[in-house]
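Novice: Next come a sequence and a model predicted from it.
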2 protein chains.
Amino acid sequence: MPAQDPATQRGGRTLDPWYDNYARRTSGLTVSEVRALFAVASRPEVVSLAGGSPFVSALPEELVRGAFDRMMREHGADALQYGGGQGIPQLRERILELMALAGISGASADDVVTTTGSQHAIDLVTKLFINPGDVILLETPSYVGALGTFKSYEADVRHVDMDEEGLNLEALEEAIRRARAEGKAVKFLYTIPNYNNPTGVTMSAARRREVLDLCIREGVLIVEDDPYGLLYFDEPSPKAIRSLDEEHVLYLGSFSKILSPGVRVGFVLAPHGIREKLILAVESSILSPSTLNQWLVTEYLEGSDWQAQIDTFRHTYRERRDAMMAALEEHLPQLSWTVPKGGFFTWVQLPETLDSKQMLPLATKELVAYTPGTGFYADGRGHDKIRLSFSLPAPERIRLGVRRLANVINDELEMIETFGGFQKPAEDDNRFASAPPDLV
Amino acid sequence: MPAQDPATQRGGRTLDPWYDNYARRTSGLTVSEVRALFAVASRPEVVSLAGGSPFVSALPEELVRGAFDRMMREHGADALQYGGGQGIPQLRERILELMALAGISGASADDVVTTTGSQHAIDLVTKLFINPGDVILLETPSYVGALGTFKSYEADVRHVDMDEEGLNLEALEEAIRRARAEGKAVKFLYTIPNYNNPTGVTMSAARRREVLDLCIREGVLIVEDDPYGLLYFDEPSPKAIRSLDEEHVLYLGSFSKILSPGVRVGFVLAPHGIREKLILAVESSILSPSTLNQWLVTEYLEGSDWQAQIDTFRHTYRERRDAMMAALEEHLPQLSWTVPKGGFFTWVQLPETLDSKQMLPLATKELVAYTPGTGFYADGRGHDKIRLSFSLPAPERIRLGVRRLANVINDELEMIETFGGFQKPAEDDNRFASAPPDLV
């Protein structure tokens, strides 16, 4: 830029001449330092246990082609045109069948709003409810993409401790009490009860009831995010919290993990008043979700045995979960990890002397990648945790990846024994504030 | 809901128990009173001159099918998977060719970000820049969907007067001066220089230069929204403002009007620093735009004579523009209106005694619909203006619609002569704060 430019002069502190013009909330959008590493990790020779991508190759291409053909034949002009902000009624009707599998019965398609993937729903709900400084409660740890969105609206994000049954009830009650004692508004509890991202932990049926009762008593809205619920390995997950109550729960679902993330179709089942606002928020953000993709999903649901396809996904992921568990037992028996009953992830506790983020360059050098734990905390914790994903690599690649990871960990421990341990960073730097899409 | 529910007790003023929990910005999301009327207007017997939908039937279905086939054959797994937040590189390369037609040369695909339609880009840019109370300048009148989004971030939206060459330069300078004298930050100028929605007016080449020079001098960012630019009727529109400067202009484009709005693919060409933030904002809002739709558009651009298809659209819309102009001449010679050189809309000045919103029920009763002018102003003006769209109905339907409209207007004038005129509402009620998607 020419030196005489006023924009440059005003924003002299940075290479970006518009630096001083951004909204306050924009400072919450930060670039992840590990992005460059993950770019390296996407090379084919690296076994990536880092991403949260589904194994879309398990979906027969002809099912997608068939859905497209039927769509063009029967709804071509509609599919190419603008649609309503709430989403097409035919898809919303079909979504009722999907939610019935999560135990949600008696819902009305009128109360469903379709979105550009679940992330869009998280974004819009946050936009609707959060003034800067308002409190959102969530699990410890929780989904990196939700954390980033919450921060982008300047929420005060507070983790609630978990036990093996999910959110700890006393901790939840105490968090609500403390926030209110500080004069803060507690706007909602964000929870992933099924096969939590990143821990893989499932909230028990009893705990769901207790959490709901507490939230009703305290007047706290529950945002129940359920992208993995239908991907159980042995027996179905407990019924959705939304199945127990209509008025205190926003239920978020998605086709990303049971069909394809490329279509970006998610949905919300919302109490009446919130649903009205959500439709306006969809329109304000994107006018309407893609009608083409909505029709494509509708025709897929109408013309395929989609439940059998979900079974195929379940069996694939169970086999991979088993491969990962066995490999961890074999190569890293000294560590502990969660045993997920569904979904994509296990959560590994490293020795406290290790720093999972500092170790990542060594790991990629050894041709294995994982996600450091720090991204899943809003408060700087997680240096000694990693998330491993088993959704995308084949079982033999999972075994290879865990073997490589064991070498990295053992080398690192040996090095620390020789030269001393890592220094915990003084402040929370939250490098995952924005999640790269292939990391979710 | 049971009466003992604390949520109900807290929010007793309304049927929505969560009423007191919404963020302050949510009050800016209001439902349009005329929605119900437009639902009526979508009946086939009504000639709708209200919507801004493109005539997608002019797009041969086999072009879409061919693009889908090639996509599935060559990029099936990629198209079904998550993608990057910036958008797929292959599409961003193709977008350079599209922008070259608007006079933008020498841009890099690195500086392009794809979005879920242009509306998404408007939303994200506003999120990045606007603190509550910050000033956005725009044309008088301007796009209803942008107004709604700006309000949803609590912007202070200020109209700048126009003349036949577009934004009036003195008015623009004065608006910047006044806002700054009030201690306000002027964050950007939002402009639709080509075939403005709703007026159809085009900013002259000379005026573009002057507006840009003023904005550079004053350090004001320009958001140039150009969905209609390639849809000229006789000669191409002046070169985009972005063609004159890289650092002070965000250029927004869309495939909605030259291919299909159903795919929801738009894009932004942004200065480097802003582009980085935009990618993070995309990820925070939706992770990534639909890879399937991005590949579909890419294959369409690679495998079709898409410029010939744009010519087809242009000729279709020119014929319809001519039909509307002729019908207005014939049936409403006493009124004045704009003669657009491209795009979808003309802007009609009614006699001052008429209220275009109050007249709408009568019009739909007479089986014609239009868009009242009030939706395109943030300040309550526009009661004596209407926007007529000629993009969707065939020429004979346009003629029929204008004849019906003339009857409604003449009946209304006669009635007012007999019984007295309408009362201008005392305050701005902004009923279009959220635009129904089929109205854009």
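Specialist: Looks like it arrived, so ask away.

Novice: What residues of stretch A:161-179 count as buried?
Specialist: Burial within stretch A:161-179, assessed by neighbour count using 16 or more other Cβ atoms under 10 Å in any protein chain shown, is assigned to A:162, A:165-169, A:171-172, A:175-176, A:179. C-beta coordinates here come from the backbone N, C-alpha and C atoms, glycine included.

Novice: And stretch A:76-95, by the same measure?
Specialist: Neighbour-count burial for stretch A:76-95, counted by 16+ other Cβ under 10 Å, picks out A:76, A:78-88, A:90-92, A:94-95.

Novice: Does that stretch reach chain B?
Specialist: Yes - with Cβ under 8 Å from any Cβ of the partner chain as the criterion, chain B is reached by stretch A:76-95 at A:76-85.

Novice: Same question for stretch A:174-186.
Specialist: Yes - with Cβ under 8 Å from any Cβ as the measure, stretch A:174-186 is seen reaching chain B through residue A:185.

Novice: shaky segments in chain A?
Specialist: In the predicted model of chain A, residues A:1-14, A:31-34, A:36-37, A:421-440 satisfy pLDDT under 70.

Novice: Next, the closest residue to residue A:98 other than its chain neighbours: secondary structure please.
Specialist: Distances taken as Cβ to Cβ, 6 or more residues apart in numbering or on different chains place residue A:253 nearest to residue A:98, at 6.6 Å, with adjacent residues excluded. At residue A:253, secondary structure determined by DSSP: H, G, I helix; E, B strand; the rest coil is strand.

Novice: so residue A:253 makes contact with residue A:230?
Specialist: No - applying Cβ atoms under 8 Å as the test, residue A:253 and residue A:230 come out as separate, 9.1 Å apart.

Novice: and the two? which has more neighbours close in?
Specialist: Neighbours per residue, other Cβ atoms under 10 Å in any protein chain shown: of residue A:253 and residue A:230, the larger number sits with residue A:253, 30 against 21.

Novice: Please list all residues in contact with the more buried one.
Specialist: If you count contacts by Cβ atoms under 8 Å, 6 or more residues apart in numbering or on different chains, residue A:253 has them with A:95, A:98-99, A:102, A:118, A:226-227, A:229, A:266-269.

Novice: bridging residues for it?
Specialist: Under DSSP bridges, the beta-bridge partners of residue A:253 are residue A:267.

Novice: How is chain A partitioned into domains?
Specialist: Structural domains annotated on chain A: A:32-52+A:309-419+A:426-439, A:61-303, as defined by automatic domain parsing.

Novice: Spell out which parts of the stretch 251-400 of chain A neighbour chain B.
Specialist: For the stretch 251-400 of chain A, the residues in contact with chain B (Cβ under 8 Å from any Cβ) are A:256, A:260-264, A:271-274, A:276-277, A:280-281, A:283-293, A:296.

Novice: Just the buried residues of stretch A:161-179: which are in helices?
Specialist: Among these, the ones falling in helices (DSSP state H) are A:169, A:171-172, A:175-176, A:179.

Novice: So of the residues you listed, which two are at opposite extremes in space?
Specialist: Of all pairs drawn from these, the one with the largest separation by Cβ to Cβ is A:169 and A:179; the distance is 16.1 Å.

Novice: quick one, phi/psi of residue A:388?
Specialist: Dihedral angles of residue A:388 (phi, psi; degrees, to the nearest 10) stand at phi -110, psi 130.

Novice: neighbours of it, just the number please.
Specialist: As a burial measure, the neighbour count of residue A:388 was computed by other Cβ under 10 Å and equals 26.

Novice: you'd agree it is up against residue A:324?
Specialist: Yes - taking contacts as Cβ under 8 Å, residue A:388 lies within contact range of residue A:324: 6.5 Å.

Novice: Now for these two: what residues contact both?
Specialist: Listed contacts common to residue A:388 and residue A:324 are A:49, A:346, A:402; contacts here mean Cβ under 8 Å, 6+ apart.

Novice: wait, what's in contact with the residue nearest to the first one when sequence neighbours are not counted?
Specialist: Yep, that's residue A:49 we're talking about. Nearest residue to residue A:49, sequence neighbours excluded (Cβ to Cβ, 6+ apart): residue A:388, at 4.4 Å. The contact partners of residue A:388, by Cβ under 8 Å, 6+ apart, come to A:49, A:324, A:337, A:345-348, A:370-371, A:402, A:405.

Novice: picking up where we left off before, among the residues of stretch A:76-95 next to chain B, which ones are in helices?
Specialist: When helices are assigned by DSSP H, the members of the residues of stretch A:76-95 next to chain B inside them are A:76-80.

Novice: Quick check: residues of the stretch 51-200 of chain A near chain B?
Specialist: Counting by Cβ under 8 Å from any Cβ, the residues of the stretch 51-200 of chain A lying close to chain B are A:53-54, A:56-57, A:59, A:61, A:64-65, A:68, A:72, A:76-85, A:116-117, A:119-120, A:123, A:127-131, A:134, A:145, A:148-149, A:152-153, A:185, A:187.

Novice: go again using 7 Å as the cut-off
Specialist: A:53, A:56-57, A:59, A:61, A:64-65, A:68, A:72, A:76-77, A:79-85, A:116-117, A:119-120, A:123, A:128-131, A:145, A:148-149, A:152, A:187 (Cβ under 7 Å from any Cβ of the partner chain).

Novice: Need the contact partners of stretch A:239-249.
Specialist: Contacts of stretch A:239-249 from elsewhere in the structure, counted by Cβ atoms under 7 Å, 6 or more residues apart in numbering or on different chains, are A:102-104, A:193, A:205, A:208-209, A:212, A:215-216, A:221-222, A:224, A:226, A:229, A:251, A:269, A:271, B:1, B:7, B:17.

Novice: So what pairs up with residue A:221 in the strands?
Specialist: Under DSSP bridges, the beta-bridge partners of residue A:221 are residue A:188.

Novice: out of the buried residues of stretch A:161-179, which one sits closest to residue A:365?
Specialist: Comparing these against residue A:365 with Cβ to Cβ picks out residue A:162 as the nearest, at 33.4 Å.
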